[in-house]
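K.L.:
Just the structure for this:
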Amino acid sequence: MRKSKTTDTNPFLVCGLGNLGQYCVSVLKEFGVVVNAIDDRLVVLATIEGLQRIEKGIITPREWIVQLDKVIREEGFIRGALIVFRVCGVSMQVAEKLMHQLPDALPCLFYKHQAQRLINELSEVHVLAHVEKRTVNY
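P.N.:
Next up, the predicted model:
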């Protein structure tokens, strides 16, 4: 019987980017492993006016900030950091540092519905957060 040999050029495939999938991806990346991830979720939220703006090429700016208030349970630090890592595209080290320096705002802007959904997701992992509209100071 012949053994198959795994090389560094063969990527791992993670199917599903729920909490466990996100954790697996982050751990594998910490070990320098090439990872391909697949998620099967597609959400389209649109109004007629919104679709017409897209057709005309009019893009509204993202103007909502998610403010992280506090972590209720110890497990919320790592699970919240994984969400920040996935949503904002920052490194895992930056995400973990942010989670330990609360209260603080996420380093990216959102549309209102995205921010509200993110707050719901964070509350499921025991992280309290709220949405604020960005104010522009001139």
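K.L.:
domain assignment for the chain?
P.N.:
Structural domains assigned to the chain are 1-42, 60-133, following automatic domain parsing.
K.L.:
of all those domains, which lies closest to I48?
P.N.:
Smallest distance to I48 across the domains of the chain (C-beta to C-beta): 15.0 Å, for domain 60-133. (Each C-beta comes from the backbone N, C-alpha and C, glycine too.)
K.L.:
one step back: want to throw the domains of the chain into CSV with distance to R53?
P.N.:
Compiled in CSV, those are given as follows (distance: least, C-beta to C-beta, whole Å):
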stretch, distance to R53
domain 1-42, 20
domain 60-133, 7
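K.L.:
what about R73, which SS state?
P.N.:
State at R73, reduced to three classes by DSSP: H, G, I helix; E, B strand; the rest coil: coil.
K.L.:
Hmm, it is touching L128, no?
P.N.:
No: counting by C-beta atoms under 8 Å, R73 does not reach L128; the two are 10.9 Å apart.
K.L.:
Turn the domains of the chain into JSON lines, columns for distance to I48 and mean pLDDT.
P.N.:
Conversion of these to JSON lines gives the following (distance: least, C-beta to C-beta, whole Å; pLDDT from 0 to 100):
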{"stretch": "domain 1-42", "distance to I48": "20", "mean pLDDT": "70"}
{"stretch": "domain 60-133", "distance to I48": "15", "mean pLDDT": "93"}
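K.L.:
Looking at R73 and L128, which has the bigger crowd around it?
P.N.:
Neighbour totals were compared for R73 and L128, and L128 leads with 17 against 10 (other C-beta atoms under 10 Å).
K.L.:
OK, contacts around that one?
P.N.:
Contact criterion C-beta atoms under 8 Å, 6 or more residues apart in numbering gives 68-72, 122 as the residues in contact with L128.
K.L.:
With adjacent residues omitted, what lies nearest to the residue minimising distance to the centre of the chain?
P.N.:
Centroid check for the chain by C-alpha atoms, centre = their mean gives V87 as the closest residue, at 2.0 Å. If you skip the residues right next to it in sequence, V87 has L118 as its closest partner in space, 6.2 Å away by C-beta to C-beta, 6 or more residues apart in numbering.
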